[in-house]
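> Okay, here's the prediction I keep looking at, along with the sequence it came from:
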Amino acid sequence: MQTTTTAAQGRRIGTLLVLLAAAVFGAAGSGPTVAAATAEPVAAAAPFQPPRTPPAPAPQRSAAQQAADALARARALAAKREAQLALAGQRARAIWEARSRPIRLVVVRPDTIDLVTVGRLTRRVPRPPGALSLTALNRALPRSWMSITDGTANLSAAVVLTPRVILDVGGDVTTVKLAGGRILPQAAAVYTGGGRLVLHGVTVTSADRKFQQPLAASPGRPFIVVSPGGRLEATDATITDLGTSSTDSHDRAGVQFNTGSSGSVVRTTFLRNSTGLQLVGSQNVQLQDLTVGDSVGDGLSLTGNIGTVMSGIRAVRNGGDGVRLSGATIDRPITGITAAQNGGFGIAAIRLHQARIEGVRTSDNGSGGLEIYQTSGVTVRGLTAENDPVGVVSHNNCTDITLDRLTVAGGRRGVAIEKTTRHLTLTSSTIERAKVAGVAVGGVGVELRDVTVRDSNNDVRIERGANGVSAVGLQLAGGQDGLVAHAGTTGLVVDGLNVRGVANTGLRSASPEARIVGGSITGATTGITVTDATTISGTSISRVYDGIRVRSDRLVHADEVDIDAVRIGIDTTSGSPFLLSGSRVHALEAVRGDLTEQRGNDLSLPPLNLLGAIGIPLIVLAMLLQLLHLVRTRGLRGRTPRWSPPSVPTASVRRSLSRSAYDTAPPRRPRRRRRRRSRTRAVGAPG
């Protein structure tokens, strides 16, 4: 036992000696040997670190050397600042050049506000990060540049925002007056740049240099521009008297969204601007519940926009078009537009593709209600037009147009379809009181379906050059003529025509190879007049003076027609071939002229009910006249008629009076005739 303890103690002493040697001599390879020599594992020793040598103390510098170093550092810092200022000046001048060289320019950056005078950076004011209000901007500008009094801000310098800058206009400031002048550099315009302009509950207007009254449209009137990458958000704002004149080379709208800009305009009013609101190449702009009025040019103008959302637009009394949509791609329906009393069209849709216009109203516009120009795939639904020269006009190569549920009243033409229009469909619409024509068709592949036209001069007129026109289920009432097809039209098909109470002719056609299928004509001077080859089948004509009048040198075929006329059933002129088959013709003169009959026709006098319908009004009129005569001779009802003596011939009274006078008169002396002496004066006697 003692021997074992001694051996263990010897091993521990040996291990300690080895570790001591490793610590002294740094023997790196002794670890495994020690591990092999020991029976029990021990903790690893910390690596050996030689003692550090303290750094040599820095040599003591003199005061002169320290001053020289401080001066060098100050010069370097000044040079850096000068370089930065020079760079900022270059950037400011570039901005000044791009903004028509305003006399005074304020450039708002995320951390500074730069003041530029005639293209030269004159002052830099640091500012805290975050949104900038007009009150904070006012503190950084000289009073001659900007002032705020009683909630009215007077700004006489142009303002440009840079990226990541937010200018908040509203709150304690309710009115902003932008100073202008005779020329564009004097205009205190506002450019969003790449920043964001927020208008809420504020009125923005122009003013003269003394801020006394708004400016008329001129080259130096201010405006607001939403630059590429910038954003405008206007809510419950009023923007008036902005924008340059249309004759100026830098024609600017009151508010203009440029290419790549975006934003939203909600419950905002634009009044008396050059062009009220203009969007050119903007993206995803929301326009909701706007009023645009009294503009010099167009009220609202959209050109080449993408993703614009429109609803609740009211355009009134603008000099040009109320709403002008040109080359825009609008994904959602254009709804809720009201356009009235504008100098041009209420709504002008120009080069639109696959757009939907729904629930719009136009009235009393100078050129017309809705203009469709060079468009394709456009659907107009629920339009109401009143007292426009033309309710809807489609012209200049329009294709695949659908007009559905239109209501047009007054004006010269209800719907005008120009000859370059192809594949237009007009359905379920009502047109009335058109002075020239309810529907004027001159295009190719036009279809009229379930259209009602009332009290128009020509209810429907097919113009020269029209081809492939189809009219199905037309309801025509009142006016001078029902449907009129001029010469030079081809491929006309009229199916289910219903004409009531027109003054002249129910249907007058000069279209070759026209087909009239079914339908009825009631109440007209002449039911149908044709001057070229026509096929009439299954048509009913009643209460007319003349049924069918033919003035064609080509064959006209009437099959299974039913005519009740007062005077002439079928009137054909000499040399007009006419074929009548399976028809019934009742008139005082069933046929006048030559015709060819087939399949047993019924030709006779008009029925008694027709004669009665014509005679009863005449009998009633005669009775009324007789009653009027009795009232005038006998007095009003309830008075006792006066007795009058029997009549005596006038000649008998005269004879009796003459006899009584002769018997009672005394005898008269005969009168002597007195001779007249002839006094002849001698020729040449003095007189």
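That came through fine.
> Am I right that residue 136 is in a helix?
Yes. Counting by DSSP: H, G, I helix; E, B strand; the rest coil, residue 136 is found in a helix.
> ok, now how distant is the closest residue to it other than its chain neighbours from residue 113?
Nearest residue to residue 136, sequence neighbours excluded (CB to CB, 6 or more residues apart in numbering): residue 127, at 7.2 Å. Quick note: C-beta positions are derived from backbone N, CA and C, even for glycine. Per CB to CB, to the nearest Å, residue 127 is found 6 Å from residue 113.
> and if you look at residue 278?
Counting by CB to CB, the gap from residue 278 to residue 113 is 29 Å.
> So between those two, which is more surrounded?
Remark: of residue 278 and residue 113, residue 278 carries more neighbours, 27 against 21, as counted by other CB atoms under 10 Å.
> ok, now which ones touch that one?
By CB atoms under 8 Å, 6 or more residues apart in numbering, the contact list for residue 278 reads 253, 255-257, 298, 300-303.
> now with 6 Å?
253, 256, 301 (CB atoms under 6 Å, 6 or more residues apart in numbering).
> Without its sequence neighbours, what residue ends up closest to it?
Using CB to CB, 6+ apart, the closest residue to residue 278 is residue 253 (3.7 Å).
> That neighbour touches residue 276, doesn't it?
No. Using CB atoms under 6 Å, residue 253 is not in contact with residue 276, being 7.2 Å away.
> higher neighbour count, these two?
When residue 253 and residue 276 are compared for neighbours, residue 276 comes out ahead with 33 against 27, by other CB under 10 Å.
> where's the more buried one relative to residue 202, distance?
17 Å.
> helix or strand for the residue nearest to residue 278, which one?
Of the helices and strands defined by DSSP states H and E, none includes residue 253.
> so who does it touch?
243, 274-275, 278.
> if you set the cut-off to 10 Å instead, what comes out?
223-225, 242-244, 246, 270, 273-280, 295, 297-298, 300-301 (CB atoms under 10 Å, 6 or more residues apart in numbering).
> same thing with residue 546?
Residues counted as contacts of residue 546 (CB under 10 Å, 6+ apart) are 505, 524-529, 563, 565-571, 587, 589, 592.
> Please apply the same query to residue 356.
Taking CB under 10 Å, 6+ apart as the contact definition, residue 356 lies against 330-335, 377-381, 402.
> picking that back up, roughly how far apart are the residue nearest to residue 278 and residue 297?
Counting by CB to CB - residue 253 and residue 297 are separated by 8 Å.
> swap in residue 589?
Distance from residue 589 to residue 297, counting by CB to CB: 64 Å.
> any idea how far residue 443 is from the residue most central in space within the chain?
The chain has residue 347 as the residue nearest its centroid, 2.3 Å off, counting by CA atoms, centre = their mean. Using CB to CB, residue 347 is found at 20 Å from residue 443.
> low pLDDT regions in the stretch 551-687 of the chain?
Applying pLDDT under 70 to the stretch 551-687 of the chain flags the ranges 606-615, 634-687.
> Helices along that one, start to end?
Along the stretch 551-687 of the chain, counting by DSSP state H, counting those that start in this stretch, helices occupy 608-634, 650-664.
> what about the helices in the stretch 201-350 of the chain?
Counting by DSSP H, counting those that start in this stretch, the stretch 201-350 of the chain has no helices at all.
> Mind listing what's buried along stretch 238-254?
Going by neighbour count (16 or more other CB atoms under 10 Å), the buried part of stretch 238-254 is 238-246, 248, 251-254.
> Kindly apply the preceding question to stretch 444-462 instead.
Neighbour counts over stretch 444-462 (16+ other CB under 10 Å) mark 444-449, 451-462 as buried.
> Surely residue 385 touches residue 337?
No. Under the criterion of CB atoms under 10 Å, residue 385 is not in contact with residue 337, lying 11.9 Å apart.
> Between the two, point out the one with more neighbours.
When residue 385 and residue 337 are compared on other CB under 10 Å, the one with more neighbours turns out to be residue 385, at 29 against 26.
> So which of the contacts of residue 356 is surrounded by the most neighbours?
Neighbour max across these (other CB under 10 Å) = residue 334, 27 neighbours.
> and for residue 253 and residue 297, which residues touch both?
Shared contacts of residue 253 and residue 297 (CB under 10 Å, 6+ apart): 243, 246, 273-276, 278.
> Out of those, the closest to residue 143 would be?
residue 243 (27.6 Å; CB to CB).
> Check the gap between the residue nearest to the closest one when sequence neighbours are not counted and residue 217 for me.
Residue nearest to residue 243 in three dimensions, not counting chain neighbours: residue 274, with 3.0 Å by CB to CB, 6+ apart. Residue 274 sits 5 Å away from residue 217, going by CB to CB.
> For residue 350, give me its contacts.
Residues counted as contacts of residue 350 (CB under 10 Å, 6+ apart) are 302-303, 321, 324-328, 371-375, 396.
> hmm, back to that, the residue nearest to the centre of the chain and residue 363 touch, don't they?
No. Using CB under 10 Å, residue 347 is not in contact with residue 363, being 11.8 Å away.
> which residues do those two both contact?
Shared contacts of residue 347 and residue 363, defined by CB under 10 Å, 6+ apart, comprise 338-339, 369, 385.
> residues shared between the contacts of residue 127 and residue 113?
Contacts common to residue 127 and residue 113, judged by CB under 10 Å, 6+ apart, are 136-137, 139-140, 165.
> For the buried ones among those, write the corresponding ChimeraX selection.
Paste this into ChimeraX to select the buried members of the shared contacts of residue 127 and residue 113, with burial taken from 16+ other CB under 10 Å:
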select :137,140,165
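> got the shared contacts of residue 127 and residue 113 as TSV, with pLDDT and distance to residue 357 columns?
Shown next, in TSV, are the shared contacts of residue 127 and residue 113 (pLDDT from 0 to 100; distance: CB to CB, whole Å):
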residue	pLDDT	distance to residue 357
136	95	44
137	96	42
139	94	49
140	94	47
165	96	38
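> picking up where we left off before, let me know the closest of the shared contacts of residue 253 and residue 297 to residue 106.
Nearest to residue 106, judged by CB to CB, of the shared contacts of residue 253 and residue 297 is residue 243 at 20.8 Å.
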